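Student: Got a sequence here, can you model it:
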Amino acid sequence: MKSITVIARQIGIKESELELYGKYKAKISLSILSRIKKRPLGRYVVVTTMTPTKFGEGKTVTTIGLGSGLSRLGKKSVITLRQPSMGPVFGLKGGGAGGGRSKVEPSEDINLHFTGDMHAVGAANNLLCAFIDNHLARGNRLDIDPEAIMARRTLDVSDRALRRVKTMLGDDGTYRDTGFDITAASEVMAILALASGRRDLRKRIGRIIAAFTRDKRPVFAEDLKCAGAMAAILKDAVKPNLVQTSECVPCIMHAGPFANIAHGNNSVLADMIALRLGDYVITESGFGVDCGAEKLFDIKCRVRGLKPPDGAVLVCTTRALKTHGAGNMRKHIENIKAFGLNLVVAINRFPSDSKKDLDEIKKTAIRAGAEDAVISEARKKGSRGAVQLAKAVIRMCEKKSSFKFLYPLEAPIKQKIDIIAKKIYGAREVRYSGDAEKKITLYEGLGYGGLPVNMAKTHLSLSHDPKITGRPEGFTLPIRDVKIAAGAGFLYPLCGEIRTMPGLPAAPRGEKIDIDKNGKITGLS
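Tutor: Numbering: from 1, shown residues only. The predicted structure follows:
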């Protein structure tokens, strides 16, 4: 690794605009935005995937490799990624900083506490919850309905035992039912990722609907007089983090909302800075096109100051093809093209892949409408293994795209849900529970009908059911509830049995992690 000040200098960040966290990590001061605001915008490319298996298909490795490949070709590239949550790190998937010769460093720091942003998000969120319970215990002046409290406490590890808990309301022995969510699923994390600056962050926090009164009026964080303190906790977390790849390419890593629950993309601020500093900005969306990419297009790209992507890269593997079939890949290609974007398919090569299988994926992808399909060996060879992918992306970006949103914001809530369900997932119809129907009526009556929709559903299927593989068609999508993140600025329907607090698997990855006598961490990848 090089000193982070050297990495910053590569893309024109001044040392005075850095706040150092040791030798290899730094936060970028938001003051940089005013200095670079008149610079031309770079190319903006999103990396997504077909429906993944539970082990992931190497999307982060491909993103890092592509950025490094572009740098090898002489392009000034900047990679923007989400921060890993310790839930997956200690759970099934392991670390979220790439792997092999295509990693972001210092990976051990990144996968654990990094610069403390996750803890700041959790602390700000939990302060709101503490204020709510304190308000109830001290007379409940706002007439909050204890059965209509929206905010739940958070923790950055997977812990199924905390999905349902009771909290004491006062010294008289009365309790209320609540629970914990994982930090990456919280509205505070979504706000951190969507805020366009410190002032915007403060406004969004104030707009969080913490609860409803008994007569169905929203109670905001501002009403509870804790929004200012929450913003104060996040004063450093709002600044993007600068790190580097294993080949010393700059990477801005900031915010970490999950894509199956929240909107699944790194921060708007990271991309706003990167687009003024790099020729190419390579960002990654969580899970498949139906999850993170759709939310980048329809939610993140509506934030003022952020341009739409110039194209997309769809990661595929023979493993995912054997699980889901070629129809699944074709559907994801169709989904990207539904937004008016060109795309390249990146085939993340595994050692066991046969030439016949790889050639068949290439042919299928190009017939389905991809500009090109290229084998990537970034994990094994680093930038050398991603040069052909980088060349294909450059060619793609030279072609004109005509980006368009999937739905207009002014459409009714149900219409927006229906469009996503039918056009992106392949559903025949949507079925709403009684609770979901009541919530939609409530939100439209309160003036929130114009918010975009953030669908919360499994990432393991195009449908709501993780057991349904391939390209399902003609199914009914069940909406069991619709919640609101007014501060983040979206509604989130819950499809099927999606959970906001994961559990650990039978053999957690955390079992393999240790530290030796010299302080070196082992088993974390």
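Student: all helices of the stretch 301-450 of the chain, in order?
Tutor: 318-324, 326-337, 355-367, 378-381, 387-398, 413-419, 434-445 (DSSP state H, counting those that start in this stretch).
Student: Make JSON lines out of the ones you listed and add mean pLDDT, mean neighbour count and distance to Ala231.
Tutor: Bear in mind the C-beta positions are built from the backbone N, C-alpha and C, glycine included. Formatted as JSON lines, the helices of the stretch 301-450 of the chain follow (pLDDT from 0 to 100; neighbours: other C-beta atoms under 10 Å; distance: least, C-beta to C-beta, whole Å):
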{"stretch": "helix 318-324", "mean pLDDT": "95", "mean neighbour count": "19", "distance to Ala231": "41"}
{"stretch": "helix 326-337", "mean pLDDT": "98", "mean neighbour count": "22", "distance to Ala231": "36"}
{"stretch": "helix 355-367", "mean pLDDT": "96", "mean neighbour count": "15", "distance to Ala231": "46"}
{"stretch": "helix 378-381", "mean pLDDT": "96", "mean neighbour count": "22", "distance to Ala231": "39"}
{"stretch": "helix 387-398", "mean pLDDT": "98", "mean neighbour count": "21", "distance to Ala231": "37"}
{"stretch": "helix 413-419", "mean pLDDT": "98", "mean neighbour count": "19", "distance to Ala231": "29"}
{"stretch": "helix 434-445", "mean pLDDT": "97", "mean neighbour count": "15", "distance to Ala231": "25"}
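Student: Quick one, which of those gets closest to Ser31.
Tutor: Shortest distance between Ser31 and these, using C-beta to C-beta, is found for helix 387-398: 30.0 Å.
Student: picking up where we left off before, quick one, which of the helices of the stretch 301-450 of the chain gets closest to Asn518.
Tutor: helix 378-381 (27.3 Å).
Student: which outside residues touch the closest one?
Tutor: 58, 61-62, 64-66, 68-69, 98-102, 348-349, 385-386, 389 (C-beta atoms under 8 Å, 6 or more residues apart in numbering).
Student: Next, the distance between the ends of stretch 211-229.
Tutor: Chord length of stretch 211-229, first to last residue, is 18 Å (C-alpha to C-alpha, to the nearest Å).
Student: And for stretch 418-437?
Tutor: End-to-end for stretch 418-437, by C-alpha to C-alpha: 14 Å.
Student: Name the residues that touch it?
Tutor: Everything outside stretch 418-437 that qualifies as a contact, by C-beta under 8 Å, 6+ apart, is 289-290, 294, 298, 331, 335, 338, 406-407, 411, 414, 417, 440, 453, 455, 462-463, 471-482, 493.
Student: Which of those fall in helices?
Tutor: Per DSSP state H, helices hold the following members of the contacts of stretch 418-437: Glu294, Asp298, Lys331, Asn335, Lys414, Ile417, Ile440.
Student: Would you confirm that Val345 contacts Ala312?
Tutor: No: the criterion here is C-beta atoms under 8 Å, and Val345 misses it with Ala312 at 9.8 Å.
Student: Tell me how far the closest residue to Thr60 other than its chain neighbours lies from Val243.
Tutor: Distances taken as C-beta to C-beta, 6 or more residues apart in numbering place Gly98 nearest to Thr60, at 4.9 Å, with adjacent residues excluded. Going from Gly98 to Val243 by C-beta to C-beta, to the nearest Å gives 11 Å.
Student: just the buried members of the contacts of helix 378-381?
Tutor: Among the contacts of helix 378-381, those buried by neighbour count (16 or more other C-beta atoms under 10 Å) are 58, 61-62, 64-66, 68-69, 98-102, 348-349, 385-386, 389.
Student: among these, which are in strands?
Tutor: If you go by DSSP state E, the buried ones among the contacts of helix 378-381 have Gly98, Gly99, Ser102, Asn348 in strands.
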